[in-house]
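[1] Provide a 3D model corresponding to the input given below.
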Amino acid sequence: DNFGIFNDEELFYCTDKSILHETASSILVCKIKLNPEDCLYMAFEKDSETNWLIDEIEHLNVYARIISTFIFTNYYNEKIIESTLIDPLTKIASILKLKIFGNSIFIRNVAPNYSIFFLNVNNFKLINTKYGFDIGNQILIQIAKILDNFTASDEIVARLGGDNFIILVKSGKLSTLMDL
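    Okay, the predicted model is just below:
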């Protein structure tokens, strides 16, 4: 067997001559987790005939753990940011993302070019009462998709919560929006 296992498969070494450079005698490979599903491997070649020293292995293991921690932290930071900007049910913008977008159009001095539209689905409580929350949620998701497909990349639709939405569109599109 050309592989040796260290530390629960986070580090292993390879002496398979078919994958080594000509000058290398072995490779120490560090497993680095990118997220809960994916990982990558960092390979360290040893150019001498001597075996890997325990200190070398421990240093590389620490190095791999530092990189894993950094990558994992960035992954989860991105997920946290994403979860605050996207409504979890409808997958459209959240209130926070709407505020950020609104601030950006004021900073760019283009706010007068936009119209704001508030949408409340009338009697939506009756749908939830009669058909249940699962059906009500599916209807909200479909409404969000219709509104999101209507908006351009420089416009936004956000769910405020419940059956309330805000759409910020270019002023010329407001009459078209009313026809939806």
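[2] contacts and neighbour counts: CA atoms only from here.
    Fine.
[3] Going toward the C-terminus from the longest helix along the chain, what's the next helix or strand?
    Secondary structure assigned by DSSP state H gives helix 54-85 as the longest helix of the chain. Per DSSP states H and E, the first helix or strand lying C-terminal to helix 54-85 is helix 95-107.
[4] And that next one, what's buried?
    Within helix 95-107, the residues that count as buried by 16 or more other Cα atoms under 10 Å are I95, K97, L98, F101, G102, I105.
[5] Quick one: mean pLDDT over the helix or strand just after that helix.
    The C-terminal neighbour of helix 95-107 among helices and strands, as given by DSSP H and E, is strand 114-120. Strand 114-120 shows a mean pLDDT of 92 in the predicted model.
[6] Which neighbours in the sheet does strand 114-120 have, and how are they oriented?
    Next to strand 114-120 in the sheet, as set by DSSP bridges, lie strand 164-170 (antiparallel).
[7] what angle sits between the partner strand and helix 95-107?
    For strand 164-170 against helix 95-107, the angle between stretch directions is 20 degrees (axes from the mean of the first three to the mean of the last three Cα atoms, to 10 degrees).
[8] How about residues contacting strand 164-170?
    With Cα atoms under 8 Å, 6 or more residues apart in numbering as the test, strand 164-170 has contacts from 113-121, 147, 151-152, 154-160.
[9] Please report how far A158 lies from L96.
    9 Å (Cα to Cα, to the nearest Å).
[10] Which elements pack onto the longest helix of the chain?
    With contacts defined as 3 or more Cα pairs under 8 Å, 6 or more residues apart in numbering; DSSP states H and E, helix 54-85 has these neighbours: strand 26-33, helix 95-107.
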